[in-house]
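In: pasting the structure only:
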(Lines give C-alpha, C1' and ligand atoms only; values in the text may rest on other atoms or scores of the structure.)
Protein backbone atom coordinates (compact mmCIF):
# COMPACT_ATOMS: atom_id res chain seq x y z
CA UNK A 1 0.00 0.00 0.00
CA UNK A 2 0.95 3.67 -0.11
CA UNK A 3 1.91 3.64 3.59
CA UNK A 4 5.60 3.06 4.02
CA UNK A 5 6.49 4.10 0.47
CA UNK A 6 9.65 6.15 0.15
CA UNK A 7 10.95 8.39 -2.67
CA UNK A 8 14.11 6.23 -2.90
CA UNK A 9 14.23 2.47 -2.33
CA UNK A 10 17.37 0.35 -2.12
CA UNK A 11 17.10 -3.08 -3.73
CA UNK A 12 19.17 -6.19 -3.42
CA UNK A 13 19.50 -8.16 -6.61
CA UNK A 14 20.76 -11.37 -8.17
CA UNK A 15 21.07 -13.04 -11.58
CA UNK A 16 22.24 -9.84 -13.25
CA UNK A 17 22.93 -10.12 -16.98
CA UNK A 18 24.34 -7.13 -18.87
CA UNK A 19 25.05 -6.79 -22.58
CA UNK A 20 25.23 -3.49 -24.53
CA UNK A 21 21.67 -3.86 -25.80
CA UNK A 22 19.87 -5.49 -22.84
CA UNK A 23 19.83 -5.58 -19.05
CA UNK A 24 18.17 -8.30 -16.98
CA UNK A 25 18.11 -8.64 -13.19
CA UNK A 26 16.11 -10.27 -10.42
CA UNK A 27 15.19 -8.08 -7.44
CA UNK A 28 15.25 -10.81 -4.82
CA UNK A 29 13.49 -9.23 -1.81
CA UNK A 30 10.80 -7.65 -4.01
CA UNK A 31 10.59 -10.85 -6.12
CA UNK A 32 10.55 -8.91 -9.37
CA UNK A 33 12.27 -9.91 -12.60
CA UNK A 34 13.35 -6.91 -14.69
CA UNK A 35 14.02 -7.05 -18.44
CA UNK A 36 15.15 -3.82 -20.14
CA UNK A 37 16.31 -2.79 -23.61
CA UNK A 38 17.57 0.69 -24.52
CA UNK A 39 17.25 2.49 -27.81
CA UNK A 40 18.87 5.78 -28.87
CA UNK A 41 16.55 8.16 -27.00
CA UNK A 42 14.13 5.74 -25.39
CA UNK A 43 13.80 2.38 -23.69
CA UNK A 44 11.38 -0.36 -22.76
CA UNK A 45 10.96 -2.44 -19.60
CA UNK A 46 9.06 -5.65 -18.93
CA UNK A 47 8.58 -6.37 -15.21
CA UNK A 48 7.45 -9.78 -13.92
CA UNK A 49 5.99 -9.96 -10.39
CA UNK A 50 5.99 -13.16 -8.32
CA UNK A 51 4.09 -11.85 -5.30
CA UNK A 52 0.31 -11.84 -5.32
CA UNK A 53 0.09 -8.20 -4.22
CA UNK A 54 -0.85 -4.89 -5.81
CA UNK A 55 1.94 -3.47 -7.96
CA UNK A 56 3.26 0.04 -7.37
CA UNK A 57 5.86 2.00 -9.29
CA UNK A 58 7.58 5.01 -7.74
CA UNK A 59 9.03 7.66 -10.02
CA UNK A 60 11.49 10.13 -8.52
CA UNK A 61 12.98 13.06 -10.42
CA UNK A 62 15.72 13.57 -7.77
CA UNK A 63 15.81 17.25 -8.72
CA UNK A 64 13.12 18.37 -11.14
CA UNK A 65 9.41 17.83 -11.69
CA UNK A 66 6.97 15.04 -12.57
CA UNK A 67 3.39 15.07 -13.79
CA UNK A 68 0.75 12.35 -14.27
CA UNK A 69 -1.78 13.37 -16.91
CA UNK A 70 -3.91 11.59 -19.53
CA UNK A 71 -2.45 8.16 -18.80
CA UNK A 72 1.20 9.19 -19.10
CA UNK A 73 4.02 10.33 -16.87
CA UNK A 74 6.15 13.29 -17.92
CA UNK A 75 8.65 15.65 -16.40
CA UNK A 76 12.29 16.55 -16.21
CA UNK A 77 15.40 16.18 -14.10
CA UNK A 78 18.34 18.55 -13.81
CA UNK A 79 21.59 16.76 -14.68
CA UNK A 80 23.60 19.80 -13.62
CA UNK A 81 22.66 23.38 -12.76
CA UNK A 82 21.58 24.25 -16.33
CA UNK A 83 20.88 21.01 -18.22
CA UNK A 84 17.48 19.32 -18.09
CA UNK A 85 16.62 15.83 -19.33
CA UNK A 86 12.93 15.50 -20.19
CA UNK A 87 10.95 12.27 -19.81
CA UNK A 88 7.72 10.92 -21.25
CA UNK A 89 6.58 7.42 -20.14
CA UNK A 90 3.61 5.10 -20.71
CA UNK A 91 2.55 1.78 -19.16
CA UNK A 92 0.65 -1.09 -20.77
CA UNK A 93 -1.68 -1.84 -17.84
CA UNK A 94 -4.56 0.27 -16.55
CA UNK A 95 -3.82 2.45 -13.56
CA UNK A 96 -5.94 1.87 -10.44
CA UNK A 97 -4.58 4.62 -8.20
CA UNK A 98 -1.96 7.30 -8.17
CA UNK A 99 -0.61 9.88 -5.80
CA UNK A 100 2.39 11.84 -4.58
CA UNK A 101 5.00 11.04 -1.96
CA UNK A 102 6.08 14.68 -1.78
CA UNK A 103 4.22 18.00 -1.82
CA UNK A 104 1.97 18.03 -4.85
CA UNK A 105 -0.62 19.92 -6.84
CA UNK A 106 -3.80 18.30 -8.15
CA UNK A 107 -5.63 20.27 -10.82
CA UNK A 108 -7.98 19.08 -13.61
CA UNK A 109 -7.13 15.42 -12.89
CA UNK A 110 -3.42 16.22 -13.34
CA UNK A 111 -1.02 15.51 -10.45
CA UNK A 112 2.26 17.47 -10.32
CA UNK A 113 5.28 17.40 -8.00
CA UNK A 114 8.52 19.35 -8.16
CA UNK A 115 11.71 19.95 -6.20
CA UNK A 116 14.21 17.64 -4.52
CA UNK A 117 13.08 13.99 -4.59
CA UNK A 118 9.81 14.93 -6.33
CA UNK A 119 8.01 11.56 -6.31
CA UNK A 120 4.81 10.08 -7.69
CA UNK A 121 3.47 6.57 -7.20
CA UNK A 122 1.37 4.63 -9.68
CA UNK A 123 -0.69 1.63 -8.52
CA UNK A 124 -1.72 -1.10 -10.96
CA UNK A 125 -3.53 -3.60 -8.76
CA UNK A 126 -2.44 -7.25 -8.75
CA UNK A 127 -0.41 -7.83 -11.90
CA UNK A 128 1.92 -10.56 -13.09
CA UNK A 129 3.51 -8.40 -15.81
CA UNK A 130 3.87 -4.71 -16.54
CA UNK A 131 5.37 -3.01 -19.57
CA UNK A 132 6.88 0.46 -19.39
CA UNK A 133 8.18 2.43 -22.36
CA UNK A 134 9.71 5.88 -22.24
CA UNK A 135 11.43 8.53 -24.30
CA UNK A 136 13.93 11.18 -23.24
CA UNK A 137 15.02 14.50 -24.71
CA UNK A 138 17.20 17.49 -23.91
CA UNK A 139 14.65 19.73 -25.69
CA UNK A 140 11.16 19.15 -24.23
CA UNK A 141 8.61 16.64 -22.96
CA UNK A 142 6.91 16.77 -26.37
CA UNK A 143 10.20 15.81 -28.05
CA UNK A 144 10.65 12.96 -25.55
CA UNK A 145 7.18 11.68 -26.55
CA UNK A 146 8.13 11.90 -30.25
CA UNK A 147 11.35 10.00 -29.56
CA UNK A 148 9.37 7.30 -27.76
CA UNK A 149 6.83 6.92 -30.57
CA UNK A 150 9.58 6.84 -33.22
CA UNK A 151 11.79 4.26 -31.48
CA UNK A 152 9.53 2.05 -29.34
CA UNK A 153 6.32 1.15 -31.21
CA UNK A 154 5.29 -1.56 -28.70
CA UNK A 155 6.15 -2.92 -25.25
CA UNK A 156 8.36 -5.66 -26.72
CA UNK A 157 11.79 -5.87 -25.08
CA UNK A 158 12.88 -8.68 -27.43
CA UNK A 159 12.34 -6.56 -30.55
CA UNK A 160 14.23 -3.53 -29.20
CA UNK A 161 17.06 -5.73 -27.87
CA UNK A 162 17.40 -7.39 -31.29
CA UNK A 163 17.62 -3.99 -33.01
CA UNK A 164 20.31 -3.00 -30.50
CA UNK A 165 22.14 -6.29 -30.96
CA UNK A 166 22.23 -5.80 -34.73
CA UNK A 167 23.51 -2.22 -34.34
CA UNK A 168 26.17 -3.44 -31.89
CA UNK A 169 27.28 -6.22 -34.25
CA UNK A 170 27.39 -3.79 -37.21
CA UNK A 171 29.64 -1.46 -35.21
CA UNK A 172 31.91 -4.30 -34.13
CA UNK A 173 32.03 -5.59 -37.71
CA UNK A 174 33.80 -2.37 -38.76
CA UNK A 175 36.79 -3.12 -36.52
CA UNK A 176 39.71 -4.69 -38.36
CA UNK A 177 42.68 -6.04 -36.47
CA UNK A 178 46.00 -6.37 -38.27
CA UNK A 179 49.52 -7.38 -37.41
CA UNK A 180 50.65 -8.85 -34.13
CA UNK A 181 51.20 -12.51 -33.45
CA UNK A 182 49.31 -15.43 -32.00
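Out: Cool, the structure landed. As the structure is a prediction and not an experimental result, all values here were calculated from the model.
In: This structure: helices as residue ranges?
Out: 141-151, 157-173 (DSSP state H).
In: The helix or strand of the chain with the lowest mean pLDDT: how far from the chain's middle?
Out: Counting by mean pLDDT, DSSP states H and E, the chain has its least confident helix or strand at strand 104-107, which shows a mean of 77. Taking Cα atoms, centre = their mean, to the nearest Å, one finds strand 104-107 lying 23 Å from the centre of the chain it belongs to.
In: Stretch 54-66 too?
Out: 10 Å.
In: in it, what counts as buried?
Out: Across stretch 54-66, burial judged by 16 or more other Cβ atoms under 10 Å covers 55, 56, 57, 59, 60, 61, 63, 64, 65, 66. For every residue, glycine as well, the C-beta is placed using N, CA and C.
In: what's the span of that stretch, first residue to last?
Out: End-to-end distance for stretch 54-66: 22 Å, by Cα to Cα, to the nearest Å.
In: Show me what the least confident helix or strand of the chain packs onto, helices and strands only.
Out: strand 110-116 (3 or more Cβ pairs under 8 Å, 6 or more residues apart in numbering; DSSP states H and E).
In: What is the strand it packs on packed up against?
Out: strand 63-69, strand 97-100, strand 104-107, strand 119-126.
In: So what touches the second one?
Out: Residues lying outside strand 97-100 but in contact with it, judged by Cβ atoms under 8 Å, 6 or more residues apart in numbering, are 2, 68, 111, 113, 119, 120, 121, 122, 123.
In: Please apply the same query to the first one.
Out: Contact with strand 63-69 is made by 59-60, 73-78, 84, 98, 109-120, 122, as judged by Cβ under 8 Å, 6+ apart.
In: Now do the residue nearest to residue 78 when sequence neighbours are not counted, the pLDDT please.
Out: Distances taken as Cβ to Cβ, 6 or more residues apart in numbering place residue 63 nearest to residue 78, at 4.8 Å, with adjacent residues excluded. As predicted, residue 63 sits at a pLDDT of 89.
In: Who does residue 63 form a beta bridge with?
Out: Note on residue 63: beta-bridge partners residue 116, judged by DSSP bridges.
In: Return the distance of residue 92 relative to residue 114.
Out: Relative to residue 114, residue 92 is positioned 27 Å away (Cβ to Cβ, to the nearest Å).
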